[in-house]
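Peer 1: Sequence and predicted structure below; questions after.
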Amino acid sequence: MTPVAAGMDIGSTTAKCILLRGSEVVGKSLNPVGVDIVRDAERAFELALADAHLERADVGFVTGTGYGRYKVQFGQLAVTEISCHAKGANFLFPKTHLVVDIGGQDTKAIKVGDLGEVVDFAMNDKCAAGTGRFLEVCANALGFDIGDIGPLSLQARHPVKVSSTCTVFAESEVTSLVSRGKERNDILAGLHGSIVNRSLSLMQRVGIEAEVTFTGGVSRNEGMVRAMESRLGQRVNVSPLSQYIGAIGAALMGQERLEAAAQ
Amino acid sequence: MITCGLDIGAGSTKGVLLEDGRTLRATALVPTRGNPNAAVRAVLERMVEEENLLPGEIEYVCTTGFGRYGYLERDLQVSDITASARGAVFLFPGTRHIVDVGTQSSRAIGATETGRVTRFKMNEKCAAGAGRFIERCSKYLQVPIEEMGPKALTAAQPKMISSVCAVLAETEIINNVAEGVPIQDMLMGIFLSLAQRTQSLMRYVGVQPEVTLVGGLVHNPGMVRALENTTGLNVNHSPTAHHAAAIGSALLGYQRLQKLRAAPAVGG
């Protein structure tokens, strides 16, 4: 039987694990990352194994990626998340040439070649503006759960522009907009628009392509997907597996190693 | 002749009364709390009461700061850059460089011996490097703001912060807490990282001694030490320097009033 390759994407906020056999995802898991990253990575692996009804011995190769990739102590390979996102996006959407990845703590635009290789990328990992953290902080300030704000933003009637770039200042701005009687949905639409603008400038740096794939935790937010599409004037690819794309790419890298070893 | 200077800031509203452009008669401070008008009223009431003045005895009111346009009964408004420089030179006549770390923005200002601004650089886009960052650290480290400075002075091995973003620094500090880094080391690291951000503003302007710190951080010995260690310079500061911009605006108000009185009446 084809051996299973595991891809572990240890992000700043969540740990994702994908178990891949050939081109089939046989198991996956996602759990929050806390202070003990080594343990959280271990747990993500165990959860995915349980999901696939597999044992550790069934897994032929483990590849780590993401911010915490070196904390995957049982892994055989660590690859940057940029390469993994490119590879994973190419696997799900073979015609995609631009990946925009908005994670919990950073945002990247990656230009992808025909074979899923990285051609160019631009990244913001210095500042929380334009990342999932920005949305989280502002959602809290409005008293919403992060999971609810996307659909609510789509109900906005008169989107309010949020002028602060800095997350901390945006938080105060949101509070003062509420006290001035602005609708919370309208403010949410403004916040989503602000993130889209930040990621757009990264995308423009590498060049916008006909087929764009949106990945990372923020791509699960429907309001963000719509805001991105209307700003770009084109549809963007989103998959239920979008949040796992880095992990899928990592598993694919492992698979290549297994194949090379078998020959 | 009594002139009043009001510095309506994002965090607090400061007021001073100045007699004949020379003597500081009263100072007051209240939190702005998003309501500048209420804050201004409270500041004025407190000073008038303290000095047993009749409301009419304040002859001229000059506002400055973020909320300077909000007080409609003002006679004059001036920029906080101009006002801070004037106020700093009033308090420390040797001042040629002013550092003002406010709640929401920070600035470095070069000034002449008369307190005229030669050059300045400001950061108002980002909370890293502003007082808001300290307020947030106080909250999640659960150390009251006024205790942060003295505690930081006991640091043995300051733990520097690598993030340049206030939000990402928060995560970094929480990780440091989990790793058992002593609180005083984290506090000093916070002030040192703020001092580094301030230093880059100062360099842009060109540092010339004497350097005077104005604004709320004058009460924070940790920040003063961090700034002195980072720049290698002595930093003038005093509790009154918290009111430097208000003092400067009272002075500018005084000068304007004198000019108005000296000018011949128009139209007889």
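Peer 2: The structure has been received and is ready for your questions. Numbers count the residues shown, from 1 in each chain, chains lettered A, B, ... in the order given.
Peer 1: so how far is the helix or strand hosting residue A:50 from its chain's centroid?
Peer 2: If you go by DSSP states H and E, residue A:50 is part of helix A:37-52. Put simply, helix A:37-52 sits 19 Å off its chain's centre (CA atoms, centre = their mean, to the nearest Å).
Peer 1: Ok, stretch B:168-175 next?
Peer 2: 27 Å.
Peer 1: do stretch A:208-227 as well
Peer 2: Using CA atoms, centre = their mean, the offset of stretch A:208-227 from its chain centre is 9 Å.
Peer 1: Tell me the buried residues in it?
Peer 2: Under the neighbour-count criterion of 16 or more other CB atoms under 10 Å in any protein chain shown, stretch A:208-227 has A:208-209, A:211-221, A:223-227 buried. Bear in mind the C-beta positions are built from the backbone N, C-alpha and C, glycine included.
Peer 1: Ok, stretch B:45-60 next?
Peer 2: Quick answer for stretch B:45-60 (16+ other CB under 10 Å): B:46, B:47, B:48, B:53, B:58, B:60.
Peer 1: Show me what the helix or strand containing the third one is packed against.
Peer 2: Of the helices and strands defined by DSSP H and E, residue B:48 is found in helix B:36-50. With contacts defined as 3 or more CB pairs under 8 Å, 6 or more residues apart in numbering or on different chains; DSSP states H and E, the packing partners of helix B:36-50 are strand B:2-8, strand B:12-19, strand B:23-31.
Peer 1: average pLDDT for that helix?
Peer 2: Helix B:36-50 shows a mean pLDDT of 93.
Peer 1: Same question for stretch A:23-30.
Peer 2: On average, stretch A:23-30 scores 96.
Peer 1: residue contacts, whatever residue of the stretch 151-263 of chain A ends up closest to chain B?
Peer 2: When scored by CB to the nearest CB, the stretch 151-263 of chain A has residue A:168 as its residue closest to chain B, at 3.5 Å. By CB atoms under 8 Å, 6 or more residues apart in numbering or on different chains, the contact set of residue A:168 is A:137, B:127, B:132, B:133, B:136, B:166, B:167.
Peer 1: didn't residue A:60 look like it was pressed against residue A:5?
Peer 2: Yes: using CB atoms under 8 Å, residue A:60 is in contact with residue A:5, at 6.3 Å.
Peer 1: anything in contact with each of those two?
Peer 2: A:254, A:258.
Peer 1: Can you flag which of the buried residues of stretch A:208-227 belong to strands?
Peer 2: Residues from the buried residues of stretch A:208-227 lying in strands, with DSSP state E as the criterion: A:212, A:213, A:214, A:215.
Peer 1: what does chain A have sitting close to chain B?
Peer 2: A:12, A:35, A:105, A:126-129, A:133-134, A:137, A:165-169, A:172, A:176, A:179 (CB under 8 Å from any CB of the partner chain).
Peer 1: Now list the buried members of those residues.
Peer 2: Judged by 16+ other CB under 10 Å, buried ones among the residues of chain A next to chain B: A:12, A:105, A:127-129, A:133-134, A:137, A:165-169, A:172.
Peer 1: Out of those, which is nearest to residue A:243?
Peer 2: Distance to residue A:243, by CB to CB, is smallest for residue A:12 among these, at 13.3 Å.
Peer 1: Tell me how far the residue nearest to that closest one when sequence neighbours are not counted lies from residue B:163.
Peer 2: Distance criterion CB to CB, 6 or more residues apart in numbering or on different chains; nearest residue to residue A:12, sequence neighbours excluded, is residue A:105 at 3.8 Å. Separation of residue A:105 from residue B:163 (CB to CB, to the nearest Å): 10 Å.
Peer 1: Mind listing the shared neighbours of those two?
Peer 2: With CB under 8 Å, 6+ apart as the test, residue A:105 and residue B:163 both reach residue B:171.
Peer 1: right, and residue A:251 touches residue A:65 too?
Peer 2: No: Residue A:251 is beyond contact range of residue A:65, at 9.6 Å (criterion: CB under 8 Å).
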